[in-house]
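**Q** Need a 3D model of the sequence below.
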Amino acid sequence: MRALLLVNPKATTTTKRTRDVLIRALGAAVDLSVEETAYRGHAAALAETAREKGFDVVAVLGGDGTINETVNGLIGGGPTDGRPALMVIPGGSANVFARALGLPNNAVEATGVALEALREGRRRTINLGVAVSDDGDGRYFTFCAGVGYDAEVVRAVEALRGAGHRAGPFLYTSTAVRHYFLTDRRRPALRLERPRQPGADDLFMAIISNTAPWTYAGSLAINPTPWAGFDTGLDMLALRRMGLPTMLRVVPQILRQRDTLLRGRHLVQTHDEEEFTLVAKRPIAFQLDGDYLGERERVTFRSAPNALQVLV
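**A** All right, here's what the predicted structure looks like:
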């Protein structure tokens, strides 16, 4: 069995010693090739080449951004049959996708689980989301997307990381609190459009989920869309108000473990959607899987059933 290991050398929670241990463990189980990513988009190009060359497995040691690139390279425009399976080895600060799959949040332990799945022939087929922007560009996502305030926070955090700040729960939380007072809370820009179903106007922000939880703050799961899952369509939570009274009602709910939808007058919630579109009155921030992708005025979100096989 041939496998390619993609290593993000800048992954925040791994060391060279850890990488060497994992490479030896994987190399003992499969015919292993190793590539380091060198620039944004490199993981996608390497994964696409692996698919074209007929590799059986592509393993990723990195964070959610590297995994997102890899998934897009694996899927590309190629046929479903013959795609390599994905092996996820968490190496980022949050590792949302790995943890949502039920993998340990530790690179060595997660590798052990994946190798066990490999030996037993155990694979899980999951749905993905795909976002098609106003320029016609489509991109898959594994666990979440965001339009508005959520994406503005991601943009601000990326700028801070570029300036040398270390990613982690404190950085995201403090940035979210600070940016809340900077975002536009007076002029809603978004409209929800759904085929053959009622839409909704005057939305400030929207969180789109392919699974639950939406993200983590350390060990704490943050869960605005508790019914989302890898086996269903897409879920969404949108806010019609962003004043303090609304936020003080919403935030405690998403921090609690719950199996019911959130309660509130100013919420728009959808579950198991095949397709919907968010249209903005002005360019608005947009993110996928925690990567800021610029501003958009129209994004269509679709569920992609049975799109990816993962070793878990």
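
**Q** Give me the next element, helix or strand, following the strand or helix carrying Val71.
**A** Using DSSP states H and E, Val71 falls within helix 64-75. Note on helix 64-75: by DSSP H and E, the next helix or strand toward the C-terminus is strand 85-90.

**Q** Only alpha carbons, please: show the helix or strand just after that following strand as PDB.
**A** Using DSSP H and E, the helix or strand that follows strand 85-90 in sequence is helix 96-100. Extracted in PDB, the C-alpha atoms of helix 96-100 (Å, rounded to 0.1, in the frame of the first residue of the first chain):
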ATOM      1  CA  VAL A  96     -11.500  20.700  14.800                       C
ATOM      2  CA  PHE A  97     -11.900  18.200  12.000                       C
ATOM      3  CA  ALA A  98      -9.800  15.500  13.700                       C
ATOM      4  CA  ARG A  99     -11.700  15.900  17.000                       C
ATOM      5  CA  ALA A 100     -15.100  16.000  15.300                       C
END
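
**Q** What lies in contact with helix 96-100?
**A** Outside helix 96-100, the residues that touch it by C-beta atoms under 8 Å, 6 or more residues apart in numbering are 64, 67, 88-90, 105, 110, 142-144, 211-216, 230, 289-290. The C-beta positions use only the backbone N, C-alpha and C, and glycine is treated the same way.

**Q** how distant is it from the center of its chain?
**A** 9 Å (C-alpha atoms, centre = their mean, to the nearest Å).

**Q** mind giving me the domain split of this protein?
**A** Domain assignment for the chain, taken from automatic domain parsing, gives 2-122, 130-305.

**Q** Counting by contacts, list what the helix holding Val71 packs against.
**A** Judged by 3 or more C-beta pairs under 8 Å, 6 or more residues apart in numbering; DSSP states H and E, the packing partners of helix 64-75 are helix 42-52, strand 57-62, strand 85-90, helix 96-100, strand 138-141, strand 291-310.
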